[in-house]
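can't give you the sequence, but here's the structure:
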């Protein structure tokens, strides 16, 4: 029993030194980095599609059809890709050669974090205001990955037959922040400028 008691302070210190914390400051629904992760992973996904069937033809894009904070941006990505493939935007479905149905497997951000050190703590003190202690990180890695898997199908507006089918392809963008020895920070990303 005495030998176990010797290790109790070490075990308590190890538990105290391990923890997780996440800081997120934004006045919009998503931070600029999060918006870029979603947009650029969608660009990457759609950029691999072969859309030869749109050249010289007008198109109308149906509603994306699911609740997503970036639904308008995703619809814009589809439109830009079809215009770049030589298509023309029609005023409505009735005047279009092709009616486009976006295929969205997923378009989201995954977050994960590792912290070796002390997380930020707020301790209540009876009869006084709470005392906040800042995070002390020996090593910290905060990673965000924007992942999108997008495709589309287009049907002939007059016959209803399938004209183009581009199976969903995936795109991944990441933004990773590091902190070590309490003060030193750096980041890695494949977003490009200005990130």
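It's in. None of these values were measured; they are calculated from a predicted model.

what about stretch 182-195, start to end distance?
End-to-end span of stretch 182-195 (CA to CA, to the nearest Å): 23 Å.

who's in contact with that stretch?
Stretch 182-195 is contacted from outside by 32-33, 36-37, 40, 117, 136-138, 173-179, using CB atoms under 8 Å, 6 or more residues apart in numbering. For glycine as for every other residue, the C-beta is placed from the backbone atoms N, C-alpha and C.

Is the residue nearest to residue 139 when sequence neighbours are not counted within a helix or a strand, and which one?
What sits nearest to residue 139 in space, not counting adjacent residues and going by CB to CB, 6 or more residues apart in numbering, is residue 116, at 4.5 Å. Per DSSP states H and E: residue 116 is located in strand 98-118.

Same check on residue 40?
Using DSSP H and E, residue 40 falls within helix 32-47.

Now do that helix against strand 98-118, angle only.
If you take axes from the mean of the first three to the mean of the last three CA atoms, to 10 degrees, helix 32-47 sits at 140 degrees to strand 98-118.

For the helix or strand encompassing residue 149, list every residue counted as buried.
Using DSSP H and E, residue 149 maps to strand 136-156. Judged by neighbour count using 16 or more other CB atoms under 10 Å, the buried positions of strand 136-156 are 136-137, 140-142, 144-155.

on that earlier part again, sheet-wise, list the partners of whichever helix or strand comes after the strand holding residue 116 with their directions.
Downstream of strand 98-118, the first helix or strand assigned by DSSP H and E is strand 121-123. Taking DSSP bridges as the criterion, strand 121-123 forms sheet pairs with strand 131-133 (antiparallel).

Name the residues that touch the partner strand?
118, 120, 121, 122, 123, 125.

ok, so of these, who is nearest residue 85?
The nearest member of those to residue 85, counting by CB to CB, is residue 120 at 48.7 Å.

Distance-wise, check the spatially closest residue to the closest one that is not a sequence neighbour relative to residue 34.
Of all residues not flanking residue 120 in the chain, residue 135 sits nearest, at 4.3 Å (CB to CB, 6+ apart). Distance, residue 135 to residue 34, by CB to CB, to the nearest Å: 21 Å.

Between the two, point out the one with more neighbours.
Comparing residue 135 with residue 34 by other CB atoms under 10 Å, the one with more neighbours is residue 34, at 20 against 17.

Now do the same contact list for the more buried one.
Neighbouring residues of residue 34 by CB under 8 Å, 6+ apart: 109, 144, 146.

so the nearest residue to the second one once chain neighbours are set aside, which of the three states?
Among residues not flanking residue 144 along the chain, residue 175 sits closest, at 5.0 Å (CB to CB, 6+ apart). Under DSSP: H, G, I helix; E, B strand; the rest coil, residue 175 falls in the strand class.

how deep is residue 175 tucked in, by neighbour count?
By the criterion of other CB under 10 Å, residue 175 has 21 neighbours.

From what I see, it and residue 141 are in contact.
No. Residue 175 is beyond contact range of residue 141, at 11.6 Å (criterion: CB atoms under 8 Å).
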